[in-house]
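Novice: Show me the folded form of this:
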Amino acid sequence: MTHRSMNARSVSHENTRYARSQAAYEYNIAIQNDKAAQVIASRASGIDDCIELLAMLGLDARAGRTRSKA
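Specialist: The predicted structure follows:
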């Protein structure tokens, strides 16, 4: 029986490590996307240009504004 609980603990530990790793990855991607959006916004010739450039990168013009208000 001890063998089983050790395996369960090991699996639980691996799941926790994976979840933390995934959360860190998603956080870093969000930061990278925010920085990209800031650079695009600062260099775009207008709002339509900004929205189009963000769309080319697969970014949503509204995403950064919603997150930064929180």
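Novice: Report the mean confidence score over the helix or strand hosting Gln22.
Specialist: Gln22 is part of helix 2-43, with elements assigned from DSSP states H and E. Averaging the model's pLDDT scores along helix 2-43 yields 86.
Novice: What are the buried residues along the next helix or strand after that helix?
Specialist: In the C-terminal direction, the helix or strand that comes right after helix 2-43 (DSSP H and E) is helix 47-56. By 16 or more other C-beta atoms under 10 Å, the buried positions in helix 47-56 come out as 50-51, 53-54. Quick note: C-beta positions are derived from backbone N, CA and C, even for glycine.
Novice: Restricting to C-alpha, output helix 47-56 in CSV.
Specialist: Written as CSV, here are the backbone C-alpha positions of helix 47-56 (Å, rounded to 0.1, in the frame of the first residue of the first chain):
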residue,chain,number,x,y,z
ILE,A,47,-6.4,53.6,-34.9
ASP,A,48,-7.3,51.7,-38.0
ASP,A,49,-3.6,51.0,-38.8
CYS,A,50,-3.1,49.9,-35.2
ILE,A,51,-6.0,47.5,-35.2
GLU,A,52,-4.9,46.0,-38.6
LEU,A,53,-1.4,45.5,-37.4
LEU,A,54,-2.5,43.9,-34.2
ALA,A,55,-4.8,41.6,-36.1
MET,A,56,-1.9,40.6,-38.3
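Novice: tell me the mean pLDDT for that helix?
Specialist: Average pLDDT, helix 47-56: 94.
Novice: helices or strands next to it in the packing?
Specialist: Applying 3 or more C-beta pairs under 8 Å, 6 or more residues apart in numbering; DSSP states H and E, one finds that helix 47-56 makes contact with helix 2-43, helix 61-69.
Novice: want to throw those into JSON lines with mean neighbour count?
Specialist: Compiled in JSON lines, the helices and strands packed on helix 47-56 are given as follows (neighbours: other C-beta atoms under 10 Å):
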{"stretch": "helix 2-43", "mean neighbour count": "11"}
{"stretch": "helix 61-69", "mean neighbour count": "11"}
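Novice: Please tell me how far Asp34 sits from Ser21.
Specialist: Applying C-beta to C-beta, to the nearest Å, one obtains 21 Å for the distance of Asp34 from Ser21.
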